[in-house]
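Student: coordinates only, no sequence provided:
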């Protein structure tokens, strides 16, 4: 009898405590801390793409660059400044702290919002783990930006329900953070979420209108500041070549040019030249791949981003939804839609989502899975923001648990397929003796060699002369070496040559370039390797 009264008392006390906002916030915080700790301490996170590695190098002043900068190129200069300051505090891991922090903060907010919307703890844990596991184990700034915007929208939902001003202020702050991390992704998530919030009783609230206006003003100001920071004279070479090369490297104009020898021959290029200057090899021979020549050939091709390979790109965009990267999130989001009470705004959001996928495919950017991921994450979270019956919650918990297990297995398999770089793998780099390592495109294992949670001392001082987006930036190793008379083209002709990481196909292209332009022969000697990527010493020896 006494024991029963005690249990009843404890149940009442538990129910009262569960309704307490501080208690729910504490649980949300602890759950996300546990997920982050398990991922970062007991597993081995690695960057999903080399873009984050490059931006971490810029903030840290290492690797591809000779000095630290807040101009991250892919992210706003405001976020870049924050990452520079983080690097000063946390050292090598400054950029990692910002990246993991954006995911963790979003996770806390989403969990807390779901609890305030009546979701059981088990359902909240399943949702947040399913959404956050990949962005923590395979972090990528686009994912962080998208999840931050989802967190901002969840806080807006809390404000609408409670009219507590601090939720609205926090929503604006998180939306702004999302924008400066990756503006394009922030806007895409917002567009997909609009049907949930475009109601007369919401858009007519003065506080929401004022908050939206302040956020737009802050975002616009940051965009202006970011644009202005790249308009100085030392950024002009970067701006000119970046605009000229993008249609070839990102939107498929290179394949179109290869079918039109009359165009590149009219501009004095051979077939090999066309292959080189429409890929990342264009940064190896900047005097050959001038912006004027690239733009002129593009004009003659009549190239338009929309319409080139439209059917193929569209099919790639739609088929991408069945990729294991997205499949488990997609199935969960569809089932959440089926079990939701208010389906009309969600149906509209799904239509917008599919329209965006089609538009991205037609624009020449199909199957960018990291762009789709946060959009699907919102479509999973949104149905649960309205009160869901306990029976449906239990069913959703079972479904999400199964999706979580399948997704975890896939992500762990994906990371397990690439062995993390170890100090013992770096001994061959000693052969460089402080000389730059020339890297053609993505041939260097950036993601595993510069992990987000481990610091490899031997590689931290490596000078990388990369052929990629960051090559013509004023702070890059490539720019500094060129200004000091040690450009790739000149070093290639010297007797001692240079060290390079390039594919066999790229070396063949370079050998033909050496023969056609220098009337010489390319000598290639293998001097080592890094994670199965060969390090070659090459030199172009002109004929006697």
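Tutor: Here it is on my side, so go on. Everything numeric in this text was worked out from a predicted model, so none of it was measured.

Student: am I right that residue 286 falls within a helix?
Tutor: No: if the criterion is DSSP: H, G, I helix; E, B strand; the rest coil, then residue 286 is coil and not within a helix.

Student: list the contacts of it.
Tutor: Residues near residue 286 by CB atoms under 8 Å, 6 or more residues apart in numbering: 241, 472, 487. Quick note: C-beta positions are derived from backbone N, CA and C, even for glycine.

Student: swap in residue 96?
Tutor: 56, 90, 139, 452, 453.

Student: now with 6 Å, please.
Tutor: Contacts for residue 96 (CB atoms under 6 Å, 6 or more residues apart in numbering) come out as residue 452.

Student: ditto for residue 492
Tutor: Contacts of residue 492 by CB under 6 Å, 6+ apart are residue 540.

Student: name the element it belongs to?
Tutor: Following DSSP states H and E, one finds residue 492 within helix 488-493.

Student: can you list the strands that the next helix-or-strand element following that helix pairs with?
Tutor: Once the chain leaves helix 488-493, the next helix or strand it forms, by DSSP H and E, is strand 498-501. Here strand 498-501 is paired, per DSSP bridges, with strand 437-440 (parallel), strand 533-542 (antiparallel).

Student: now the shortest one: buried residues?
Tutor: Pointing back at strand 437-440 there. Neighbour-count burial for strand 437-440, with 16 or more other CB atoms under 10 Å as criterion, is recorded at 437, 438, 439, 440.

Student: what are the contacting residues of that strand?
Tutor: With contact meaning CB under 6 Å, 6+ apart, strand 437-440 is reached by 464, 465, 466, 467, 498, 499, 500, 501, 502, 506.

Student: what's the answer for stretch 118-133, then?
Tutor: So stretch 118-133 is contacted by 31, 35, 103, 107, 110-111, 114-115, 377, 384, 387, 393, 396-397, 400-401, 403-404 (CB under 6 Å, 6+ apart).

Student: state the mean pLDDT of that stretch.
Tutor: Average pLDDT, stretch 118-133: 92.

Student: how about that stretch: buried residues?
Tutor: 119-121, 123-133.

Student: now compare those residues and name the two farthest from each other.
Tutor: Within the buried residues of stretch 118-133, 120 and 133 form the most distant pair, 19.9 Å apart (CB to CB).

Student: just send the buried residues of strand 437-440 back as TSV, with distance to residue 272 too.
Tutor: TSV is the format used below for those (distance: CB to CB, whole Å):
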residue	distance to residue 272
437	24
438	19
439	21
440	15
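
Student: could I get those residues in a markdown table, plus columns for pLDDT and distance to residue 459?
Tutor: Formatted as a markdown table, those follow (pLDDT from 0 to 100; distance: CB to CB, whole Å):
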| residue | pLDDT | distance to residue 459 |
| --- | --- | --- |
| 437 | 93 | 10 |
| 438 | 94 | 16 |
| 439 | 94 | 13 |
| 440 | 92 | 18 |
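
Student: longest helix anywhere in this protein?
Tutor: Taking DSSP state H as the criterion, the chain has its longest helix at helix 390-416.

Student: ok so, going back, between the contacts of residue 286, which is nearest residue 366?
Tutor: Nearest to residue 366 out of the contacts of residue 286 is residue 241 (CB to CB; 24.9 Å).

Student: touching, that closest one and residue 290? I think so.
Tutor: No: taking CB atoms under 6 Å as the definition, residue 241 is not a contact partner of residue 290, at 8.3 Å.

Student: neighbour count for these two, which is higher?
Tutor: Using other CB atoms under 10 Å, the more surrounded residue of residue 241 and residue 290 is residue 241, with 20 against 17.

Student: separation between that one and residue 167?
Tutor: 45 Å (CB to CB, to the nearest Å).

Student: so what pLDDT did residue 404 get?
Tutor: Residue 404 is assigned 88 on the pLDDT scale.

Student: ugh, typo on my part, it should be residue 394
Tutor: Looking at residue 394, the pLDDT reads 84.

Student: that one - how many residues pack around it?
Tutor: The number of residues packed near residue 394 is 13, by other CB under 10 Å.

Student: what about the helices in the stretch 101-250 of the chain?
Tutor: Listed in chain order, the helices found in the stretch 101-250 of the chain under DSSP state H, counting those that start in this stretch are 121-137, 141-162, 165-181, 183-197, 200-203, 206-229, 236-249.
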